[in-house]
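A.B. asks: Return a 3D structure for these sequence lines:
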Amino acid sequence: MSKLVRFQLSLMMFLEFFIWGGWFVTLGTYLGYNLDATDVQISTAFSTQSWGAIIAPFIVGMIADRFFNAEKILGILHLTGAILMYFMYQSTDFTEFYPLVLAYMIAYMPTLALVNSVSFAQMKDPAKEFSFIRVFGTIGWIIAGLVISYIFFWDSPESRQEGMLKNTFLMVSIASAFLGIFSFTLPKTPPSADKSKKVSVVETLGLDALGLLKDRNFLMFFLASVLICIPLAFYYQNTNPFLSEVGVENPTGLMTIGQASEVLFLLLLPFFFKRFGFKLTIIAGMLAWTLRYLLFAYGNSGELIFMLITGIALHGICYDFFFVSGQIYTDFKAGSKYKSSAQGLITLATYGVGMLIGFYVAGLITNAYVTGDKMHEWETIWVYPAAFAFGVLLLFALFFRNEKIDKKDIEI
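C.D. replies: Numbers count the residues shown, from 1 in each chain. This next block holds a predicted model:
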């Protein structure tokens, strides 16, 4: 890979996740403070991510993989997203905002697969080269949070009251327009699928891998993956509003600690995975979910702020030890026949169905503990996902039988 191509792919990945992190983290806070949205409405807005994840395989599998260059579709989708983001920036009520965010997520979620496709097409050895490119995505997410908190101060109490958080949508609109135009300069990535071969909806969604559920262990892992997305939804939806409400300064910037820890624990995962095995790795991830929410429940913005920071820093274990190791396990169980289909099935089940249920549940529970003037009983709210994550842990620990995965199957 030439230095120019490496630069292009790194910038593409940086912008891809700068765009996502530049508005999604503060979405709940913005909707509550500036559009007077209820917690149920906020959860509905977050659930658009799930609808986007459900629809994305159709766009990628039935269009991008068969008819058009990936970089061109990437450009069109981001230019479309730039327009939608600008209209979101101008929205004044939730009724007007919701269809825009839904349309945006339907356009954005397929780009997550497209940037990977463009990257892999330029690599001779993706197992060694991809991580260097992908890390720029995490850096992009971190930079977005730091810009919001420490350069523009849009999430400060004064700025929130003045409605300055809406500027995140304008910032992302500009970044989307730039990435949309830049995408047309990326290396050509023609369709990879055989146009003469008909691909069914079942294959596109990865549903042909449902046969793997006959394996008891994979079934338990599959169920745990769906269920753990319920407490995961609490984190995405509630953390920024929670930190803002309890008086933590620069909450968006503080949350970037979670992405930094994700990079760190991704490096530690191969050692932990090989040393302790898949089952204990997954259990450690679920235990981290429980601990994180208990820290949120009983910490505060004063002397116990270290508990909130620790809870955020646990993101690396929560995400990497469960979801990344789960992707490795899925690849191991699927074999050559269902490799792509099985990964698609897990993605559909987690970010699609699981998160859709999770956002709905999170919205109902959060809305049930409003104390007045949109303040919340956060201690009670956070106990729910902590207890739920621990319940999933017990279910997995009791019914999943430990099995050895050959070291050669572990590639991160």
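A.B. asks: by contact count, what packs against the host helix or strand of residue 285?
C.D. replies: In this structure, residue 285 sits in helix 251-298 according to DSSP states H and E. Packing contacts for helix 251-298, counted by 3 or more C-beta pairs under 8 Å, 6 or more residues apart in numbering; DSSP states H and E, involve helix 126-146, helix 216-245, helix 305-313, helix 315-319, helix 325-347, helix 378-399. Where you see a C-beta, it was placed from the backbone N, CA and C, and this is true even at glycine.
A.B. asks: most tightly surrounded among those helices?
C.D. replies: Each of those was scored by mean neighbour count; the highest is helix 315-319, a mean of 25, by mean count of other C-beta atoms under 10 Å.
A.B. asks: What is that one packed up against?
C.D. replies: For helix 315-319, the elements it packs on are helix 216-245, helix 251-298, judged by 3+ C-beta pairs under 8 Å, 6+ apart.
A.B. asks: Once you drop chain neighbours, what's closest to residue 323?
C.D. replies: Counting by C-beta to C-beta, 6 or more residues apart in numbering, residue 323 lies nearest to residue 350, which is 7.5 Å off, once chain neighbours are set aside.
A.B. asks: now the helix holding residue 285: mean pLDDT?
C.D. replies: Taken as a whole, helix 251-298 carries a mean pLDDT of 92.
A.B. asks: likewise stretch 21-40?
C.D. replies: 96.
A.B. asks: Compare the helices and strands packed on helix 315-319 and report which one is nearest to residue 324.
C.D. replies: Taking C-beta to C-beta, helix 251-298 is the member of the helices and strands packed on helix 315-319 nearest to residue 324, at 6.1 Å.
A.B. asks: what about the residue nearest to residue 323, distance to residue 178?
C.D. replies: Noted for residue 350: a distance of 30 Å to residue 178, by C-beta to C-beta, to the nearest Å.
A.B. asks: So which residue is smack in the middle of this protein?
C.D. replies: With distances taken as C-alpha atoms, centre = their mean, residue 351 lies nearest the centre of the chain, 7.7 Å away.
A.B. asks: Give me the nearest residue to it, chain neighbours excluded.
C.D. replies: Nearest to residue 351 is residue 53, by C-beta to C-beta, 6+ apart, at 4.0 Å.
A.B. asks: How about the contacts made by that neighbour?
C.D. replies: Each residue near residue 53 by C-beta atoms under 8 Å, 6 or more residues apart in numbering is listed here: 109, 347-348, 351-352, 355.
A.B. asks: Quick check: which ranges of this protein have low pLDDT?
C.D. replies: Confidence mapping of the chain against pLDDT under 70 gives the ranges 60-66, 127, 192-208, 335-341, 405-412.
A.B. asks: can you give me the helices for the stretch 51-200 of the chain?
C.D. replies: Along the stretch 51-200 of the chain, counting by DSSP state H, counting those that start in this stretch, helices occupy 70-90, 94-121, 126-146, 157-161, 167-183.
A.B. asks: could you dump those helices to TSV with distance to residue 286?
C.D. replies: Output for these, formatted as TSV (distance: least, C-beta to C-beta, whole Å):
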stretch	distance to residue 286
helix 70-90	34
helix 94-121	24
helix 126-146	22
helix 157-161	34
helix 167-183	32
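A.B. asks: on that earlier part again, is it correct that the residue nearest to the centre of the chain is in contact with residue 50?
C.D. replies: Yes: the pair residue 351 / residue 50 is scored as a contact, 6.5 Å apart, by C-beta atoms under 8 Å.
A.B. asks: Domain-wise, how is this protein divided?
C.D. replies: 1-191, 200-412 (automatic domain parsing).
A.B. asks: Quick check: end-to-end length of the shortest one?
C.D. replies: Terminal residues of domain 1-191 lie 20 Å apart, using C-alpha to C-alpha, to the nearest Å.
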